[in-house]
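using only what follows, build the 3D model:
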Amino acid sequence: MKNGYPWELKRPERVRHIHFFGRSDVYKDAQGKLQHRWVDTHDVLAVPYDIPIPGYRNEVVNTLRLWRAASTDIFDLGEFNAGAYPEAVAAKNNAEHISMVLYPNDSSENGKELRLRQQYFLASASLQDVMADWVAVHGENFTHFAEHHCFQLNDTHPSCAVPELMRLLMDEHGLDWDSAWKITSHTMAYTNHTLLPEALERWPVRLFRQLLPRLLEIIFEINGRFLQEVARRAPGDNALLQRLSIIEENGEQMVRMAHLAVVGSFSVNGVAALHTELLCDELFADFHKLWPQKFNNKTNGVTPRRWLQWANPALRELLTEQIGPDWKNDLDHLKALAPFAEDATFRKRWDAVRQINKARLAKLVLEQTGVHFIPGAMVDTQVKRIHEYKRQLLNALHVIHLYDRIKRGEGSEVTPRNVLFAGKAAPGYFMAKRIIKLINNIANVVNHDADTAGRLRVCFLPDYRVSLMEQICAATDLSEQISTAGKEASGTGNMKFMMNGALTIGTLDGANIEIRDAVGPEHFFLFGLNAQEVSQLRGNYHPEVYLQADHDLQRVMDLLHSGYFNAFEPGIFDPIMHTLNNPHDPWMVLADFTSYKLKQQEAAALWRDQTEWQRLSILNCAASGVFSSDRTIREYNADIWHLKPLVMTP
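Numbering: from 1, shown residues only. Have a look, this model is predicted:
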């Protein structure tokens, strides 16, 4: 907003008032009915800005409405005249903080409050906007509202929409509870994107009571009515009531936002086959038994317009020349590419495209980091959010192993490899930041050792963003999808890499399973424990067993212990060492090291046979059509939204 944006249109006539703080008041309306209202609030203005989003060849332009928070009181003259200059603009500053940074650091109490304020602000503004449009056409008749609206809750972040829609229907438009609940529970649909507890938000009741008192009342009422239904189905099962309750009672009372989303929605979906299975069997098992009809799977996809046509222009032209242009509108047409994997002339042209993209990436890496990638070497890439479950640490241990082999005199046996890391960490995530530090320290040692010349280069590319990924995915040979099995909901980077011809090394996790099924098990580098084995090992995991069984792993850990990669920063990686050696390590990094190392050796051996590598690269691209977001959206529409599909224009 600082410099303005030509496609952005401010809409001051559609400003909405968002309530915070205050209290809930009960009164009798003109008909003598008891009603509720939220009074003595501190309001913030939601100012809309519209950006046009053109459809793809369908004569339609949609609107992306963004919301900026603004104060109702720009300046408090009384505070200013009293000499309290900061306080005079405090209201303005506090309001603007809401839309300043998406997903602020919530490791502090202030951060938690800001995050909840932000979530409610965005949900309330959007719902008020929709309601205003409906009332302008239909007045106060909401009989058919649910037939024309569906709100897809993207994880738990917008779960406030459930009680907020109830509040608007009852407090602002006079509906009774049953009518409002029927509408709400038939318009909300919840997509769960992760099994990790940190993303299944839980907010202290005391924070809700202070910040959103009217919503808390509604949440308690939703929970009370829901638990009555559960009790009728399972009389006397108090343990079930505790597990299902929206309010967690152990210790400080907490609002379970995932439970609120499930209870308030008519559809609950995961984003990959395994992920949805784990939702039904583990995370939401009790809810699934209660409402099996609610649960469904919608495997993620990525848009081929950006991640193939735009990101890889050389490949775009080659594909169109070879199989025609229809693949641009229907990615399933890429299947026609498969027979050409056996054509030596086409493989040569395929490889030429890949060399163009790899040269482009090498230039970017050199400009951004000063690291010289090895020409012609394998580009081995792991780019994704920095998180322990995604196991950048496992990849880093393997890099140390390769470096150790070179130092032991086995350099001639090590396949030349450029290892690329990129990704961002949550601002308050200490261990993720420390992992980034370790990767950079390893890179610094490896890249400045003369023995690694022409054999190994390591780079952490900073400031990861979409424009970088466009170049990275087009140039990657080996895609690292190595999360602890059962932890990755789906992944989408894995799809972008596959679409551009990368081979995948990965665990049976998320959409890796479907990628492996699509391309064929023999064309996927599978390693490690599966989700069931991880679950069975939990509570009986002993890292020293794996350490003692693998001499290479011992050498890697000895190098880390010795401070080889932190000679002038003693102890800086002790937290990482403690995690790796901890029997309670939920990510079980050491358990999968040996399997990962052996599968990496298979990948390295295959790389030496470029004819076979390029053949499998073509087959990966040819099998990627199912991972188009067009397919995903068609499934959401067929099962959840029920919109009339648009016809694409010639």
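
wait, what's in contact with the residue nearest the centre of the chain?
For the chain, residue 193 is the residue whose C-alpha lies nearest the centre (CA atoms, centre = their mean; 6.6 Å). By CB atoms under 8 Å, 6 or more residues apart in numbering, the contact set of residue 193 is 154-155, 199, 271, 489-490. To be clear about C-beta, it is placed using only N, CA and C from the backbone, and glycine gets the same treatment.

what about residue 490, how many neighbours?
Residue 490 has 27 neighbouring residues, counting by other CB atoms under 10 Å.

returning to that earlier point: buried ones only from the contacts of residue 193, please, as a ChimeraX command.
Buried residues among the contacts of residue 193 (16 or more other CB atoms under 10 Å), as a ChimeraX selection:
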select :155,271,489,490
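
in TSV, list the contacts of residue 193 along with distance to residue 58, secondary structure and pLDDT.
TSV is the format used below for those (distance: CB to CB, whole Å; DSSP: H, G, I helix; E, B strand; the rest coil; pLDDT from 0 to 100):
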residue	distance to residue 58	secondary structure	pLDDT
154	24	strand	94
155	28	coil	93
199	34	helix	73
271	25	coil	97
489	30	coil	94
490	27	coil	95
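
which residues of the stretch 451-600 of the chain fall in helices?
466-475, 493-499, 512-519, 531-537, 543-549, 551-561, 574-580, 589-607 (DSSP state H, counting those that start in this stretch).

no, scratch that, I was asking about the stretch 1-150 of the chain
Using DSSP H, counting those that start in this stretch, the helices assigned to the stretch 1-150 of the chain run over residues 77-81, 85-88, 90-97, 109-138, 145-148.

the ones you listed into CSV, with extra columns for mean neighbour count and mean pLDDT?
Converted to CSV, the helices of the stretch 1-150 of the chain look like this (neighbours: other CB atoms under 10 Å; pLDDT from 0 to 100):
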stretch, mean neighbour count, mean pLDDT
helix 77-81, 11, 67
helix 85-88, 12, 66
helix 90-97, 16, 82
helix 109-138, 18, 95
helix 145-148, 14, 97
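
tabulate those helices (CSV), appending distance to residue 430.
Shown next, in CSV, are those (distance: least, CB to CB, whole Å):
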stretch, distance to residue 430
helix 77-81, 38
helix 85-88, 31
helix 90-97, 24
helix 109-138, 15
helix 145-148, 45
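
quick one, which of the ones you listed is nearest to residue 216?
Closest of those to residue 216 is helix 109-138, at 11.4 Å (criterion: CB to CB).

just checking, what packs against the closest one?
strand 16-18, strand 44-54, strand 61-71, helix 145-148, helix 161-167, strand 202-204, helix 205-211 (3 or more CB pairs under 8 Å, 6 or more residues apart in numbering; DSSP states H and E).

could the ones you listed be laid out in JSON lines, adding distance to residue 317?
Shown next, in JSON lines, are these (distance: least, CB to CB, whole Å):
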{"stretch": "strand 16-18", "distance to residue 317": "47"}
{"stretch": "strand 44-54", "distance to residue 317": "24"}
{"stretch": "strand 61-71", "distance to residue 317": "28"}
{"stretch": "helix 145-148", "distance to residue 317": "43"}
{"stretch": "helix 161-167", "distance to residue 317": "44"}
{"stretch": "strand 202-204", "distance to residue 317": "51"}
{"stretch": "helix 205-211", "distance to residue 317": "54"}
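
just those: most buried one?
helix 161-167 (a mean of 26; mean count of other CB atoms under 10 Å).

and it, average pLDDT?
Helix 161-167 comes out with an average pLDDT of 98.

output the below-cut-off pLDDT ranges for the protein.
The model of the chain has pLDDT under 70 over residues 74-81, 84-85, 87-88.

quickly list the domain ranges of it.
Annotated domains of the chain cover 9-297, 375-614 [automatic domain parsing].

and the end-to-end length of the shortest one?
This points to domain 375-614. 17 Å (CA to CA, to the nearest Å).

again, but for the longest one
In domain 9-297, first residue to last residue: 37 Å (CA to CA).

what does stretch 315-330 give?
Counting by CA to CA, the terminal residues of stretch 315-330 are separated by 16 Å.

which stretch among the helices of the stretch 451-600 of the chain is buried most, on average?
Of these, the one with the most neighbours on average (mean count of other CB under 10 Å) is helix 493-499, at a mean of 27.

please name the bridge partners of residue 46.
When bridges are called by DSSP bridges, residue 46 pairs up with residue 16, residue 69.

right, and it touches residue 14 too?
No - with contact defined as CB atoms under 8 Å, residue 46 does not reach residue 14; the gap is 9.0 Å.

now residue 432, what's its secondary structure?
What DSSP: H, G, I helix; E, B strand; the rest coil gives for residue 432 is helix.

who touches the residue lying closest to residue 557 once chain neighbours are set aside in this structure?
With sequence-adjacent residues excluded and distances taken as CB to CB, 6 or more residues apart in numbering, residue 557 is closest to residue 547, at 6.4 Å. Contacts for residue 547 (CB under 8 Å, 6+ apart) come out as 553-554, 557, 581, 590.

can you redo these as JSON lines with distance to residue 533?
Output for the contacts of residue 547, formatted as JSON lines (distance: CB to CB, whole Å):
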{"residue": "553", "distance to residue 533": "19"}
{"residue": "554", "distance to residue 533": "23"}
{"residue": "557", "distance to residue 533": "23"}
{"residue": "581", "distance to residue 533": "20"}
{"residue": "590", "distance to residue 533": "15"}
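
out of those residues, which is nearest to residue 244?
Using CB to CB, residue 590 is the member of those that lies nearest residue 244, at 36.8 Å.

who's in contact with that closest one?
543, 546-547, 553, 580-581.

for the helix or strand harbouring residue 364, buried residues please.
Residue 364 is part of helix 344-369, with elements assigned from DSSP states H and E. Counting neighbours by 16+ other CB under 10 Å, one finds that the buried residues in helix 344-369 are 346-347, 349-351, 353-354, 356-358, 361-362, 364-365, 369.

now do the helix or strand hosting residue 228 against helix 109-138, angle only.
Using DSSP H and E, residue 228 sits in helix 213-233. Using axes from the mean of the first three to the mean of the last three CA atoms, to 10 degrees, the inter-axis angle of helix 213-233 relative to helix 109-138 is 80 degrees.

and helix 213-233, how far out from the chain middle?
With CA atoms, centre = their mean, to the nearest Å as the basis, helix 213-233 stands 30 Å off its chain's centre.

also stretch 286-293?
Counting by CA atoms, centre = their mean, stretch 286-293 is centred 25 Å from the centre of its parent chain.

tell me, how many residues neighbour the closest residue to residue 541 other than its chain neighbours?
In this structure, residue 541 finds its nearest non-sequential neighbour in residue 583, 5.3 Å apart by CB to CB, 6+ apart. By other CB under 10 Å, 12 other residues sit near residue 583.

over to residue 492?
When neighbours are counted by other CB under 10 Å, residue 492 registers 18.

that one contacts residue 300, correct?
Yes - between residue 492 and residue 300 there is a contact at 5.4 Å, judged by CB under 8 Å.
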